[in-house]
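sequence and predicted structure are below.
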Amino acid sequence: MNADKIIKIIKLGRLHFVFGGFLFFCLGALFALLMGANFNLGQFIFGYFVLFAAHISLNYSNDYYDLESDKYGKPTQFAGGSGILVNNPELKVYAKWIGINALFTSLILSIIFIYVYSVSAYFFLLIIFANFLAWFYTAPPIRMSYNGFGEVATILSGFVMPAIGYFALMGNLDIYFFIFSIPIMLYQMLFINAVEIPDLEGDINGGKKSWITSYGRAFGFKMILISGVLGTLSFFIISIISVYPESLNFKLISLASIIPLSFAIWSYLKKSEDRTYATNLINKNLISLFIFAIIVNSYFIYLIL
């Protein structure tokens with residue numbers, strides 16, 4: 001195996017999405033510390049690698065099972081797959097087996113994690129659910145993204161990723177986390193509509209059934225706007241229900257949420273059916289989500305230190 005092939009196999013993993021998953025894991029883990037969990041660096045790292053393996057499984061299996069659909073589209077910074085298998089179909093076997101091995105690695109690591117750190121066995125059920133969403137997002141026989149359930153799966157991932165971080169340090173899930181996860185799931189609704197907008201034509205030709213293929217790009221921009229509004233509104237509501245420590249100022253988080261909200265409003269006002277222009281708009285939306293997650297994680301670290 002030469003260096004060029006290794007690089008292409010690595011690119012199949014789309015590591016910038018893995019970074020997003022890490023930010024979501026940190027949101028849950030840092031929130032657990034603010035809710036009274038004790039910090040253990042080994043536990044934090046081990047817990048993340050459980051999610052990391054599941055995320056790697058998602059990325060490689062998606063490229064494998066989306067190959068025929070991806071032939072009709074064109075990869076962008078955040079959408080359309082990696083494009084590696086379209087031009088290098090001989091690498092399919094690597095994508096498949098890396099996906100399978102990563103899935104089982106995630107499950108095995110979760111069992112070891114439960115034993116080593118004495119967390120609830122429900123952690124294993126959470127990891128099973130995470131890998132179920134990851135694998136069957138594109139894999140048969142369920143193929144959620146081809147049967148109208150891709151958006152639901154992605155929204156649920158906004159619960160699952162921070163839940164793994166929270167569970168890893170807290171040892172369980174509670175009502176405080178469930179409330180906190182609501183705006184994160186709303187931002188995942190923003191995310192999935194954004195990444196589906198550039199893929200409209202390719203997804204139609206590839207047989208996918210999504211909100212965008214059913215209702216068009218204009219509907220996608222409307223859902224981005226709704227998600228952004230509801231995300232900010234939910235953080236504001238959390239700030240006034242007084243169930244969290246006073247030191248945790250959700251009004252500041254609401255203020256930070258104006259960043260993705262502003263880009264959601266702007267992209268809705270500037271919406272276009274032109275693929276290139278629409279892609280430029282949604283890229284800015286997605287970057288704003290990364291920035292927001294980094295700001296909130298930084299704020300949590302500030303409170304902890």
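Arrived safely, thanks for sending. Numbering: from 1, shown residues only.

top helix in this protein by residue count?
helix 275-304 (DSSP state H).

what helices and strands are in contact with it?
If contacts are counted by 3 or more Cβ pairs under 8 Å, 6 or more residues apart in numbering; DSSP states H and E, helix 275-304 sits against helix 15-34, helix 175-196, helix 217-241, helix 250-256, helix 258-269. Backbone N, C-alpha and C define where each C-beta goes, glycine included.

what's the offset of that helix from the middle of its chain?
12 Å (Cα atoms, centre = their mean, to the nearest Å).

over to stretch 168-181?
18 Å.

ok, residue 217 - contacts?
197, 200, 271-273, 278 (Cβ atoms under 8 Å, 6 or more residues apart in numbering).

give me the distance between it and residue 116.
48 Å (Cβ to Cβ, to the nearest Å).

ok, now residue 154?
Residue 154 is 31 Å from residue 116, by Cβ to Cβ.

neighbour count for those two, which is higher?
residue 154 (21 against 11; other Cβ atoms under 10 Å).

using the three-state scheme, assign the more buried one.
Secondary structure, DSSP: H, G, I helix; E, B strand; the rest coil: residue 154 is helix.

which residue is the nearest non-sequential neighbour of it?
Once flanking residues are discounted, residue 154 sits nearest to residue 192: 3.9 Å by Cβ to Cβ, 6 or more residues apart in numbering.

do residue 65 as well
residue 138 (3.8 Å).

pLDDT at the one you found, what is it?
For residue 138, the model assigns a pLDDT of 95.

verify the stated contact: it with residue 61.
Yes: counting by Cβ atoms under 8 Å, residue 138 does reach residue 61; the two are 6.5 Å apart.

still on that earlier bit, most packed of the helices and strands packed on helix 275-304?
Highest mean neighbour count of the helices and strands packed on helix 275-304: helix 175-196, a mean of 22 (counted as mean count of other Cβ atoms under 10 Å).

so how far is that one from its chain's centroid?
So, by Cα atoms, centre = their mean, the centroid of helix 175-196 is 9 Å from its chain's centroid.

tell me the mean pLDDT over the next helix-or-strand element following that helix?
Next along the chain after helix 175-196, taking DSSP states H and E as the criterion, comes helix 200-206. Helix 200-206 carries an average pLDDT of 91.

one step back: tell me the secondary structure for the residue nearest to residue 65?
Per three-state DSSP, residue 138 ends up coil.

roughly how far does it sit from residue 294?
Residue 138 is 29 Å from residue 294, by Cβ to Cβ.

so which of these two has more stuff around it?
residue 138 (25 against 13).

so what's that one up against?
So residue 138 contacts 61-62, 64-66, 144-146 (Cβ under 8 Å, 6+ apart).

over to residue 194?
Neighbouring residues of residue 194 by Cβ under 8 Å, 6+ apart: 78, 220, 224, 282, 285-286.

pLDDT weak spots in this structure?
The chain contains residues with pLDDT under 70 at 1.

one more time with 80, if that's ok
1, 73, 76-81, 242 (pLDDT under 80).

I'd say residue 278 and residue 196 touch.
No: using Cβ under 8 Å as the test, residue 278 is too far from residue 196 to be in contact (10.8 Å).

so what sits against both of these two?
With contacts defined as Cβ under 8 Å, 6+ apart, no residue is shared by residue 278 and residue 196.

before we move on, the earlier item: buried stuff in the longest helix of the chain?
275, 278-286, 288-289, 292-293, 295-297, 299-300 (16 or more other Cβ atoms under 10 Å).

got the angle for that helix vs helix 15-34?
Counting by axes from the mean of the first three to the mean of the last three Cα atoms, to 10 degrees, helix 275-304 lies at 30 degrees to helix 15-34.

distance check, residue 252 against residue 150.
33 Å.

likewise residue 130?
In this view, residue 130 and residue 150 are 16 Å apart by Cβ to Cβ.

my read is that residue 150 contacts residue 192, right?
Yes: Residue 150 is within contact range of residue 192, at 6.9 Å (criterion: Cβ under 8 Å).

tally of neighbours for residue 141?
Neighbour count of residue 141, defined by other Cβ under 10 Å: 6.
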